[in-house]
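J.: sequence first, predicted coordinates after that:
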Amino acid sequence: MTTVNDVMGKLFEFSHQPANELSITQWKALFDDERANWQHSIDQALLGGVLADRTAFAFSSGYLSALRLMFPNFIHDGFASLCVTEEEGNHPKAIKATLKKQGGQWVLNGLKTFVTGGCDAEQLFIAATTDEVVDGRQQIRVIRVLVGQQGMLVTALPTLPFVPEVSHATVRFENAVINATDILSGDGYSDYVKLFRTIEDIHVSMAILGYVARTAILHQWPTLLVEQILALILSHRQLGLMDPGCTMTHLVLAGARQQMEVLLECVGVEWEKADKKGFESWERDKALLKIAGKAGSQRRKNAWAAIDLSQKC
């Protein structure tokens, strides 16, 4: 049975080893070998981040671990992506991709305009609307699609100014035939898209903390700073084991995120002194951490509103 001490012991073991410059393929091989040893996706995310030599690989560790938790019934040996965003955004009414029954077959049509890891993914999880209407709302389902199937076109997008190693793409579907077994049960938005935002936030933050922790231990940053990083890692581990749909999870995550923002503002001085090249990459890539800020802020407000409402009832 995995314990916290087991995970933290492995973190320190890896952190005392020099960080070699890796390709994405080399990092992924190390990550896959290590994750097989751990039961919980949050531990896999952490150690994948510890094994990373840059922010992009740490992000990939968190993202892929989150997908593994979200979609446990599918093989996750390669890269994968959840595809929601379209031309009008990623809220339910913006999803125009359609899944319809035609001639006895399920057919997928539509365009996803911003697919994380889209050029490297081997399977995609697509949010699409159906003809089913419940309580006056057109229902959304999530569909698993293997990259390369007929009726699917992946087009690379320009490299972002941060984490350039993470590819992005558009994906268009034109009468792509879908197996019924690849249509996931449940409401595509509330059961998957909405929950995944929380799961991804926790796992990516955990992986980034793993990357920062290894850097701190390897370069012998002040012990007080290392202790603060370790404390945040433990709080994120607990978050990763909690129900992502629970109000209390969102409140604790909001507090952990505030602590993480304060902590990461303090690491730059030590990072620049010990590893100037790594620091420059970190300064470029840490903009990644602000992407989920708006959604996290809304989750926090909703959580407090839910608690206030329950107290009034």
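T.: Done, it's in. Residues are numbered from 1 along each chain as shown.
J.: which elements pack onto the longest strand seen in the chain?
T.: Longest strand in the chain, counting residues (DSSP state E): strand 121-134. Contacts defined by 3 or more CB pairs under 8 Å, 6 or more residues apart in numbering; DSSP states H and E place strand 121-134 against strand 79-83, strand 98-102, strand 105-116, strand 137-146, strand 168-178. Where C-beta positions appear, they are placed from N, C-alpha and C, glycine not excepted.
J.: biggest helix in this protein by residues?
T.: helix 247-274 (DSSP state H).
J.: got the buried residues for that one?
T.: 247, 249-254, 256-257, 260, 263-264, 267, 270-271 (16 or more other CB atoms under 10 Å).
J.: what's the answer for stretch 223-236, then?
T.: Under 16+ other CB under 10 Å, the buried positions of stretch 223-236 are 225-226, 228-230, 232-233, 235-236.
J.: again, but for stretch 194-204
T.: 194-204.
J.: same thing with stretch 28-47?
T.: Those buried within stretch 28-47 under the rule 16+ other CB under 10 Å are 28, 30-31, 34-35, 38, 41-47.
J.: out of these, which is nearest to Met8?
T.: Closest approach to Met8 among those (CB to CB): Leu46, at 9.2 Å.
J.: the residue nearest to that closest one when sequence neighbours are not counted: what's it in contact with?
T.: Of all residues not flanking Leu46 in the chain, Gly210 sits nearest, at 4.4 Å (CB to CB, 6 or more residues apart in numbering). By CB atoms under 8 Å, 6 or more residues apart in numbering, the contact list for Gly210 reads 11, 45-50, 52, 58, 61, 233.
J.: taking those one by one, which sit in helices?
T.: 11, 45-50, 58, 61, 233.
J.: tell me the one among these nearest to Pro72.
T.: Nearest to Pro72 among the ones in helices among the contacts of Gly210, counting by CB to CB, is Ala45 at 14.7 Å.
J.: pretty sure Phe114 is touching Val171, no?
T.: No - using CB atoms under 8 Å, Phe114 is not in contact with Val171; the gap is 9.6 Å.
J.: between the two, which one's more packed in?
T.: Neighbour count, other CB atoms under 10 Å: between Phe114 and Val171, Val171 has more, with 23 against 16.
J.: nearest residue to that one in space, please, no chain neighbours.
T.: Lys112 (4.6 Å).
J.: what distance do you get for that neighbour to Asp285?
T.: 24 Å (CB to CB, to the nearest Å).
J.: ok, these two, which is more surrounded?
T.: Lys112 (26 against 22).
J.: so what's the more buried one up against?
T.: Going by CB under 8 Å, 6+ apart, the list of residues near Lys112 reads 83-86, 97, 126, 170-172.
J.: show me the two of the residues you listed that sit farthest apart.
T.: It's Val84 and Arg172 that sit farthest apart of these, by CB to CB, at 15.0 Å.
J.: neighbour count winner among those two?
T.: More crowded of Val84 and Arg172, by other CB under 10 Å: Val84, with 28 against 16.
J.: which ones are touching the more buried one?
T.: Neighbour list for Val84: 90, 95, 112, 127, 193 [criterion: CB under 8 Å, 6+ apart].
J.: at 7 Å what do you get?
T.: Listed by CB atoms under 7 Å, 6 or more residues apart in numbering, the contact partners of Val84 are 90, 127, 193.
J.: can you check Trp38 too?
T.: By CB under 7 Å, 6+ apart, the residues touching Trp38 are 2, 44, 47.
J.: go through these and name the one nearest Ser15.
T.: Of these, the one sitting nearest to Ser15 (CB to CB) turns out to be Leu47, at 10.7 Å.
J.: any idea how far the closest one lies from Gly103?
T.: From Leu47 across to Gly103, the span is 48 Å (CB to CB).
J.: domain parsing for this protein?
T.: What automatic domain parsing lists as the domains of the chain is 4-70+192-312, 79-183.
J.: now those domains as JSON lines including mean pLDDT?
T.: Shown next, in JSON lines, are these (pLDDT from 0 to 100):
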{"stretch": "domain 4-70+192-312", "mean pLDDT": "92"}
{"stretch": "domain 79-183", "mean pLDDT": "94"}
